[in-house]
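# Just need the structure, nothing else, for what follows:
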Amino acid sequence: MKSTRKKIPLFKNEDQEREFWSKNSPLDYMDVDSVRQGAFPNLKPTLKSISIRLPEHMLEELKILAHKRDIPYQSLVKLFLGREILMERRSLESS
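Below is the predicted model:
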């Protein structure tokens, strides 16, 4: 079965393109019969390892809290940092 697809118009600027795609579906403009699952074997992770020095009592407390939540303590640290960053951004925006 041959699918009929519409031709994507040429845009003068990003605003025009943004407006167009807000009202149109990309599926109407692609050949769905030729779609293949993508593979990205060389994709690099977006995480970056860092070293941080913490007082031993703080690290032990983090491990206890993480154990209570049944998550790795590094994940708990990321959760706490994410919350604090969000709160700090909000306080800066409101001031």
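# Give me the below-cutoff pLDDT ranges for this protein.
1-4 (pLDDT under 70).
# Residue for residue, what is the longest helix it has?
Longest helix in the chain by number of residues (criterion: DSSP state H): helix 73-94.
# List the buried residues for that helix?
Neighbour-count burial for helix 73-94, counted by 16 or more other C-beta atoms under 10 Å, picks out Tyr73, Leu76, Val77. Yep, even glycine has a C-beta here, placed from its N, CA and C like the rest.
# next one: stretch 37-46
Under 16+ other C-beta under 10 Å, stretch 37-46 has no buried positions.
# what residues does that stretch touch?
Stretch 37-46 is contacted from outside by no residue at all, using C-beta atoms under 8 Å, 6 or more residues apart in numbering.
# From start to finish, how long is that stretch in a straight line?
Chord length of stretch 37-46, first to last residue, is 22 Å (C-alpha to C-alpha, to the nearest Å).
# got it, and stretch 65-75?
Taking C-alpha to C-alpha, the first and last residues of stretch 65-75 lie 11 Å apart.
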